[in-house]
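Trainee: Fold the following for me, if possible:
(one chain, ligands or ions: 2)
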Amino acid sequence: MRILLVDDNNTNLKLLTKLVKKLDNCEAVPFSTPEAVLSALPELDFDIAIIDYQMPVYNGVELFTEIVRFEKYANVPVVFVTADKDMTTRMAALNAGAIDFLTKPVNPVEFQARVQNIVSLTVARRQLSDQAEWLRREVDKAVGELRLREQEIIHRLTLAAEYKDPETARHTLRVASYSEAIARELGLSDQECTDIRLAAPMHDIGKVAMPDKVLLKQGRLTEAEYRQMQAHAQIGSDILSRSHSSLLQLASEIAASHHERWDGQGYPNRLSGDTIPISGRIVCIADNFDALTTERPYKSAWSYDKTVEHILGRAGTQFDPACVAAFERALPTIREIMETDRREQAQEAALRAAALDVGKIAIAR
Ligand SMILES: [Fe+2]
Ligand SMILES: [Fe+2]
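Mentor: Numbers count the residues shown, from 1 in each chain. Ligands and ions are numbered 1, 2, ... in the order given. From the prediction side, this is the model:
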């Protein structure tokens with residue numbers, strides 16, 4: 001433990017230095033002027049300060065006020081040494097943050113007992129703050145692991161859905177990225193944007209309950225099939241609901257609300273306006289954008305421009321106008337996500353074709 005000693009009286013300083021050296025594991029850092037302390041302060045290293053109250057130029061309190069300006073000394077314990085028994089002096093020192101006083105002339109036995117107490121207190125305080133820091137790190141680690149596990153559950157559920165409908169894989173990931181881009185433009189917090197990206201891939205998880213003849217039908221659905229298909233929103237929400245995971249709760253909310261419409265004409269609950277959760281209002285636009293710009297069994301892919309125009313034209317009817325405005329601001333990002341995905345798909349197709357050619361050559365030989 002390093003103890004700063006400041007006293008303009010050399011005899012006193014020598015005495016204090018000698019007394020500190022007698023304490024267990026303590027080292028004295030002596031200074032005879034406050035000015036010398038101040039100029040050495042950035043490089044100084046000490047745990048406790050014992051400062052003479054009456055000194056020329058700077059008194060003890062003024063010096064201490066300067067010391068605690070440095071962040072690393074903000075909580076350093078200080079003891080003032082004073083010959084002054086006057087209450088006003090003592091109050092000024094206490095107000096400045098003194099934890100104890102020593103009266104001049106210093107009594108060696110009293111000095112050692114008091115300083116030893118402060119040393120023990122400082123050690124205990126440091127152990128406590130080390131422990132708090134360790135605990136904080138452990139909690140952060142545990143929360144991080146929990147989130148990774150939540151993300152893995154989501155990923156595996158999404159994988160399960162892909163077995164049912166191969167279109168789902170890329171669709172869900174694109175919708176997740178588009179949703180995050182819209183959420184950012186809406187000014188949601190970092191955490192909320194990330195959560196929406198992680199939860200959005202499960203918006204169509206309820207499709208696992210759809211019969212193949214409806215889900216995989218080539219061509220338009222009949223009215224009855226369309227109604228049957230609508231059930232995926234509620235089923236998806238039910239699959240994910242009542243979880244303790246906040247991410248799965250959000251995913252359940254998105255599954256339930258991504259087909260609601262701003263004007264109340266959507267499903268499953270015909271919610272309208274602000275009663276539709278913001279996550280659902282965002283994913284609704286992302287989902288529509290993706291459905292329109294990609295080919296489906298019942299329609300060819302729309303162009304980017306036609307799709308954008310369609311969505312902007314439905315602000316206030318199908319979509320939340322604020323989310324549409326955020327979508328419009330996010331368009332450069334959204335276009336980039338769409339084009340990157342198309343490039344990746346083309347590369348994958350080329351690789352598959354090349355692998356097929358290699359196979360044909362091997363068979364021909
Ligand atoms: Fe859906
Ligand atoms: Fe979807």
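Trainee: Per-residue pLDDT of the residue in the stretch 101-250 of the chain positioned nearest to ligand 2, please?
Mentor: Ligand 2 sits closest to residue 204 of the stretch 101-250 of the chain, with a gap of 4.3 Å, by CB to the ion. For every residue, glycine as well, the C-beta is placed using N, CA and C. Looking at residue 204, its pLDDT reads 92.
Trainee: which strands and helices sit next to the helix or strand hosting residue 324?
Mentor: Element membership of residue 324 [criterion: DSSP states H and E] is helix 321-329. Counting contacts by 3 or more CB pairs under 8 Å, 6 or more residues apart in numbering; DSSP states H and E, helix 321-329 is packed against helix 168-186, helix 278-293, helix 304-312.
Trainee: Could you dump these into a markdown table and include distance to ligand 2?
Mentor: Formatted as a markdown table, the helices and strands packed on helix 321-329 follow (distance: least, CB to the ion, whole Å):
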| stretch | distance to ligand 2 |
| --- | --- |
| helix 168-186 | 6 |
| helix 278-293 | 4 |
| helix 304-312 | 15 |
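Trainee: Same list, these, but as a markdown table with mean neighbour count please.
Mentor: Formatted as a markdown table, the helices and strands packed on helix 321-329 follow (neighbours: other CB atoms under 10 Å):
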| stretch | mean neighbour count |
| --- | --- |
| helix 168-186 | 23 |
| helix 278-293 | 24 |
| helix 304-312 | 15 |
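Trainee: List the residues that contact the nearest residue to residue 2 once chain neighbours are set aside.
Mentor: Take residue 2 and drop its neighbours on the chain: the residue closest to it by CB to CB, 6 or more residues apart in numbering is residue 46, 4.3 Å away. With contact taken as CB atoms under 8 Å, 6 or more residues apart in numbering, residue 46 is in contact with 2-4, 29, 76.
Trainee: tell me which element residue 46 falls in.
Mentor: Using DSSP H and E, residue 46 is not contained in any helix or strand.
Trainee: wouldn't residue 203 be in contact with residue 283 here?
Mentor: Yes. Checked against CB atoms under 8 Å, the pair residue 203 and residue 283 is within contact range at 5.4 Å.
Trainee: Touching both of those two, which residues are there?
Mentor: Here residue 203 and residue 283 have 175, 254, 258 as joint contacts, going by CB under 8 Å, 6+ apart.
Trainee: who touches the second one in this structure?
Mentor: Listed by CB under 8 Å, 6+ apart, the contact set of residue 254 reads 196, 199-200, 202-203, 277, 279-280, 283.
Trainee: and if we set it to 10 Å?
Mentor: Applying CB atoms under 10 Å, 6 or more residues apart in numbering, we find residue 254 in contact with 175, 179, 196, 199-205, 233, 236-237, 240, 277, 279-280, 282-284, 287.
Trainee: Ok, the first one next?
Mentor: By CB under 10 Å, 6+ apart, the contact list for residue 175 reads 168, 197, 200-201, 203-204, 254, 258, 282-291.
Trainee: Would you format the shared contacts of residue 203 and residue 283 as JSON lines with pLDDT included?
Mentor: Formatted as JSON lines, those follow (pLDDT from 0 to 100):
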{"residue": "175", "pLDDT": "96"}
{"residue": "254", "pLDDT": "98"}
{"residue": "258", "pLDDT": "98"}
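Trainee: The most centrally placed residue in the chain: which element?
Mentor: Residue closest to the mean C-alpha point of the chain, counted by CA atoms, centre = their mean, is residue 191 at 5.5 Å. According to DSSP H and E, residue 191 maps onto helix 190-199.
Trainee: Tell me which other helices or strands the helix or strand just after that helix touches.
Mentor: Next helix or strand after helix 190-199 toward the C-terminus (DSSP H and E): helix 212-215. Under the contact criterion of 3 or more CB pairs under 10 Å, 6 or more residues apart in numbering; DSSP states H and E, helix 212-215 touches helix 223-240.
Trainee: Would you mark the buried spots in the helix it packs on?
Mentor: By neighbour count on 16 or more other CB atoms under 10 Å, the buried set for helix 223-240 is 225, 228-229, 232-237, 239-240.
Trainee: Output the contacting helices and strands for that helix.
Mentor: Packing partners of helix 223-240 (3+ CB pairs under 10 Å, 6+ apart): helix 108-164, helix 212-215, helix 246-257.
Trainee: winner for burial among those?
Mentor: Neighbour counts (mean count of other CB atoms under 10 Å) averaged over each of those peak at helix 246-257, with a mean of 23.
Trainee: Nothing else from me, thank you.
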